[in-house]
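J.: following is a predicted model, sequence given first.
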Amino acid sequence: MESSQRPDHPLLAARTGNLRRRRAANRTMETSAWIAAVLAVAVLVLVIGSVAVKGLSSISLNFLTQNADPNSIEATGGIANALVGTGIMVGLATLMAVPVGILTAIYTNEFAGSRSASTIRYFLDVLNGVPTIVTGIFIFGLIVTAQGHQSGWAGAIALAIVMLPLVARSCQEVLALVPGSVKEAGLALGASRWRTTVSVVVPTALSGMITGALLAVARALGETAPLLFVSSIFATNLSTDPSQALPSVPLVIFQFSESPTPAKHDQAWAAALVLIVVVLLISIVARVLSARMRRRLGAAR
Amino acid sequence: MTTDAATAQPSPLLAGKNRGFIDRFGDRALYIITLLAALLSVAVVLGLAYKIVDEAAPAMSKFGLGFLTTSNFDPVHGEFGAAQFIYGTAVSSFGALLLATPISVAIALFLTELAPRSSRTAIGTLVELLAGIPSVILGLWGIIVLGPVLNDTIEPALHSVLGWIPLFGGTYSLVGLFPAILILTIMTVPIVSSLTREIFATVPPTDKEGALALGATRWEMIKTVVLPYSRPGIIGAVILGLGRAVGEAIAVTQVIGNTAGIHSNIFLPADTLASKIANTYQGADPSTTIPALAYFAVILFVLSLIFNSVARLLVRRVQSRAGRAG
């Protein structure tokens, strides 16, 4: 198109088929890249759209206040007990994974030699790559078999193992972003190492650490596989006792989706809507925080 | 805040022994606490590996490596093999990566080279949000929305055009390998594309400008500079995506039909290692079936170990080169 507009341009004077072919190839590849990006966004819209449309038609206040019973085939019931169970298990998992993850990151970034830091990073990457169903088997063998029954604690520990590498790796990344000059300023003022770490390094990286923790929470909220064997046979009443198996929203979606009754599918969509709204909200908040922190650190440099 | 803390107390140089003791103790305590946390993280990985091998030990000693190539899985007679499930895992994940790799690379190129600067962050965020959708919801969408569309429209269309390839056989199904491949593609595209995007960002701009100055079109610049430079990193990203696809249990179990078998027609139901564990581990016979399924878990763990190590080496190669160039 361009070439036909200015046929006299000296560089294009020898308008061989070659140039035309090169431009056509360029256009084809650029168009394909556009299509790929549009496709990905379209799939996102399609999935979220299906969840929104189907979920909104079967969600109600009762759905949020009544308890789930995956074994019944009736359209009644809700997910109140699953919401509470998910809240408890993810909450406990966060209390376990976030401190351990942050401390691990401080160790690798502030104390460890480069070889041991790299080894620990490798172990965290391996843990991040372990299929979550395998984590489920691990906790089943470690806790459920030993105790003789499933429990919310077992579920929380399984989720904490899923969260730990996410928290630790993201904290390592933000700690590495803290400028050395800021740290040196603390040390130069005569502050000791722990003092510098606690009151200079960590506050500087704090919003980045919160981002990492939030993304890990968002991930744990949607995890089904680690809970499948360790907290899946639960009572249908509302329970807050983690020493017994607790229901969870993803597991209820899974069980409803495997049900042959359309009424249960409707409930699965409604539960999916609740879950997806919470997960997406948390991811968006996390991204906003992280963008703000990167801007600030960028300005500090 | 920091300066407050420093000025509120007399300078440590003047504070005498007391302050020195607190600092020595504080340094020591922080070191020990963080070291313990790091050791705990490492211990979780080692403990997990030990525990699943321990659970699988009876099956591993009984069946040995022949387990990988034996196809019957018969809890009644205590005869177990993983071949059918390895086949399902391999076809579903390789199929997914075959689709996901070009799409992800194209998205990464779009975001680094083509998209208007103002829309880059927005589109990049949307693609990453796709990674945040819980797999159980993708699975639900796969059964109820995607399955019927594939069965009624897309599978017959593919068969009528490409039916001469045995992969696209004439029998259709609401569940099977094909929907599993598509769901795994949706799950891996955001991972592979965001990793690839990070790698493209390390390509030295001077190299790119050089190619453009020599008269290359944008695509020729990408083909001769960006892609060769990033190749090891892209392969690393794809391997990490493969690791994710191989280990996915829930979404796959929802759409694959959970009927073990080795057949060329991808429209038919199959089963994978991870989805077989998800379906049968609960309540399985602890003396025979559980060890066999734990053996599946050992296979999955070893695969994830291999994928991670290889990907790490490849990504590190790109990074160290970028470090040298910068």
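T.: That came through, no problem.
J.: quick check, central residue of chain B?
T.: Residue closest to the average C-alpha location in chain B (CA atoms, centre = their mean): B:Arg244, at 2.2 Å.
J.: name the residues of the host helix or strand of it that are buried.
T.: For B:Arg244, the enclosing helix or strand under DSSP states H and E is helix B:227-247. Residues of helix B:227-247 classed as buried by neighbour count (16 or more other CB atoms under 10 Å in any protein chain shown): B:229-230, B:232-247. The C-beta positions use only the backbone N, C-alpha and C, and glycine is treated the same way.
J.: stretch A:43-56 too?
T.: Those would be A:43-44, A:47-48, A:50-52, A:54-55, for stretch A:43-56 by 16+ other CB under 10 Å.
J.: can you narrow these down to the ones near chain B?
T.: A:43-44, A:47-48, A:50-51, A:54 (CB under 8 Å from any CB of the partner chain).
J.: adding secondary structure, distance to A:Val100 and pLDDT, write these out as TSV.
T.: Below are those laid out as TSV (DSSP: H, G, I helix; E, B strand; the rest coil; distance: CB to CB, whole Å; pLDDT from 0 to 100):
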residue	secondary structure	distance to A:Val100	pLDDT
A:Val43	helix	35	90
A:Leu44	helix	33	91
A:Val47	helix	33	92
A:Ile48	helix	33	92
A:Ser50	helix	38	91
A:Val51	helix	33	92
A:Lys54	helix	39	89
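J.: quick check: next helix or strand after the longest helix along chain B?
T.: Counting by DSSP state H, the longest helix found in chain B is helix B:17-63. The first helix or strand that comes after helix B:17-63 along the chain, using DSSP H and E, is helix B:83-109.
J.: what angle sits between that next one and helix B:227-247?
T.: Calculated by axes from the mean of the first three to the mean of the last three CA atoms, to 10 degrees, helix B:83-109 forms an angle of 140 degrees with helix B:227-247.
J.: which strands and helices lie in contact with helix B:83-109?
T.: When contacts are defined as 3 or more CB pairs under 8 Å, 6 or more residues apart in numbering or on different chains; DSSP states H and E, helix B:83-109 packs onto helix A:17-58, helix B:177-200, helix B:227-247, helix B:273-280.
J.: closest to A:Leu164 out of the ones you listed?
T.: Nearest of these to A:Leu164, taken as CB to CB: helix B:227-247 at 16.8 Å.
J.: quick check: mean pLDDT across the closest one?
T.: Across helix B:227-247, pLDDT averages out at 91.
J.: and the next element down the chain from it?
T.: helix B:250-255.
J.: what's next to that following helix, contact-wise?
T.: Identification of contacts with helix B:250-255 by CB atoms under 8 Å, 6 or more residues apart in numbering or on different chains yields A:133, A:224-225, A:228, A:250, A:254, A:257-258, B:92, B:135-136, B:138-140, B:142-143, B:146-147, B:175-176, B:179-180, B:183-184, B:187, B:272, B:274-275, B:278-279.
J.: same thing with stretch B:150-164?
T.: B:168-170, B:172-174, B:178-179, B:182, B:267.
J.: ok, now stretch B:304-317?
T.: A:122, A:125-126, A:129-131, A:134, B:195, B:199, B:232-233, B:235-237, B:239-240, B:242-243, B:246-247.
J.: how close does A:Leu61 sit to chain B?
T.: The gap separating A:Leu61 from chain B is 22 Å, by CB to the nearest CB, to the nearest Å.
J.: what about that residue, neighbour count?
T.: Residues near A:Leu61, counting by other CB atoms under 10 Å in any protein chain shown, number 8.
J.: can you tell me the residue of the stretch 151-300 of chain B closest to chain A?
T.: B:Gly247 (2.6 Å; CB to the nearest CB).
J.: who's in contact with the closest residue to that residue other than its chain neighbours?
T.: Nearest in space to B:Gly247, with sequence neighbours left out and distances taken as CB to CB, 6 or more residues apart in numbering or on different chains, is A:Pro131 at 2.6 Å. Contact analysis of A:Pro131 by CB under 8 Å, 6+ apart lists A:225, B:246-249, B:274, B:300-301, B:304.
J.: where's the residue positioned nearest the centre of chain A, which helix or strand?
T.: Geometric centre of chain A, nearest residue: A:Arg219, 3.0 Å, by CA atoms, centre = their mean. Secondary structure from DSSP H and E places A:Arg219 in helix A:202-222.
J.: can the helix or strand following that helix be found next to chain B?
T.: Per DSSP H and E, the first helix or strand lying C-terminal to helix A:202-222 is helix A:249-257. Yes. Contact of helix A:249-257 with chain B (CB under 8 Å from any CB) involves A:250, A:253-254, A:257.
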